[in-house]
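> Okay, predicted coordinates and the sequence, questions at the end:
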Amino acid sequence: MKFCLLVLLATVATTAAYNPHSPPSSRRTVLNKASALITSLTILTPTISSAGDIKQCKAKASNCLSTLNTGTKWTSKKSQSAAASDLEAVLKSYPQEGQNGIDGGGYTIVSGSLSGSDPEATVEYKSSGTGNMAKYFNGGKPFVDDLNVKVNANGEVEWSSSSRVGDSDFGVNAKRVAFIENGLREKGWKF
């Protein structure tokens, strides 16, 4: 969809600029038009989160949870590497077939790593894509959510979990975060 919009914008920009009766364009005119096109493409092109990119949720968002909004970090009282190891174990214990009626399309760690000197990761969760919401509002494709986590030097974890599209997630992010918190709580973490 966005790619089609970009192609349409580029086509309109180039055809609107063409006039067979106009004098040749100056370098300034060409650079101004190129700059306008590049700016438009930059604004319209979606950005991909880097690993551990903790996002703040928009005000009154019902499809996003974040430590930047709640101030609640996952606290372990362990070293950074031990905390990262605990978190990685809990994330990998999440069932690929989903849980509690959500994330039937599984999950993938798409960027980053929880081992090493800067433990942070982005995990992509997918719905099954078979529900009515996916059929009617997403072309039968799964909905995709992102969980971003970053383990600080003091063993605390900053996180955000958000849906890529839509205004409401019907509690999906909250269920996912609850699963992770329960797993960490079993390992002695506090919230």
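The structure has been received and is ready for your questions. Residues are numbered from 1 along each chain as shown.
> Quick one, grab the pLDDT at residue 191.
pLDDT, residue 191: 82.
> now swap in residue 23 and tell me
pLDDT, residue 23: 64.
> Doesn't residue 87 belong to a helix?
Yes - counting by DSSP: H, G, I helix; E, B strand; the rest coil, residue 87 is part of a helix.
> My understanding was that it contacts residue 152; is that so?
No - counting by CB atoms under 8 Å, residue 87 sits too far from residue 152 to count as a contact (11.6 Å). For glycine as for every other residue, the C-beta is placed from the backbone atoms N, C-alpha and C.
> Let me know how buried residue 152 is, in neighbour terms.
By other CB atoms under 10 Å, the residues close to residue 152 number 14.
> thought it was touching residue 80?
Yes - between residue 152 and residue 80 there is a contact under CB under 8 Å: 7.0 Å.
> Helix, strand or coil: sort out residue 72 for me.
coil.
> and it, how many neighbours?
Other residues close to residue 72 by other CB under 10 Å number 14.
> Please name the nearest non-neighbouring residue to it.
Spatial nearest neighbour of residue 72, excluding adjacent residues (CB to CB, 6 or more residues apart in numbering): residue 191 at 6.1 Å.
> residue contacts, the one you found?
Contact analysis of residue 191 by CB atoms under 8 Å, 6 or more residues apart in numbering lists 72, 74, 75, 181, 185.
> List just the nearest of the residues you listed to residue 98.
Taking CB to CB as the measure, residue 98 lies nearest residue 181 of those, at 17.3 Å.
> And the contacts of the host helix or strand of that closest one?
Taking DSSP states H and E as the criterion, residue 181 maps to helix 172-186. The contact list for helix 172-186 (CB under 8 Å, 6+ apart) reads 63-65, 74, 76, 86-87, 89-91, 93-94, 99-103, 125, 127, 143, 145, 147, 159, 161-163, 189, 191.
> Can I get that helix in CSV, CA atoms only?
C-alpha atoms of helix 172-186 as CSV (Å, rounded to 0.1, in the frame of the first residue of the first chain):
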residue,chain,number,x,y,z
VAL,A,172,-3.2,-8.7,23.2
ASN,A,173,-0.1,-6.7,24.3
ALA,A,174,-1.2,-6.8,27.9
LYS,A,175,-1.6,-10.6,27.8
ARG,A,176,1.8,-11.0,26.2
VAL,A,177,3.4,-8.7,28.8
ALA,A,178,1.6,-10.6,31.6
PHE,A,179,3.1,-13.9,30.4
ILE,A,180,6.6,-12.5,30.4
GLU,A,181,6.2,-10.9,33.8
ASN,A,182,4.9,-14.2,35.3
GLY,A,183,8.0,-16.0,33.9
LEU,A,184,10.3,-13.4,35.3
ARG,A,185,8.5,-13.4,38.7
GLU,A,186,9.2,-17.1,38.9
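> And the strands in the protein?
Along the chain, counting by DSSP state E, strands occupy 64-66, 107-113, 120-126, 144-151, 157-163.
> No further queries at this time; thank you.
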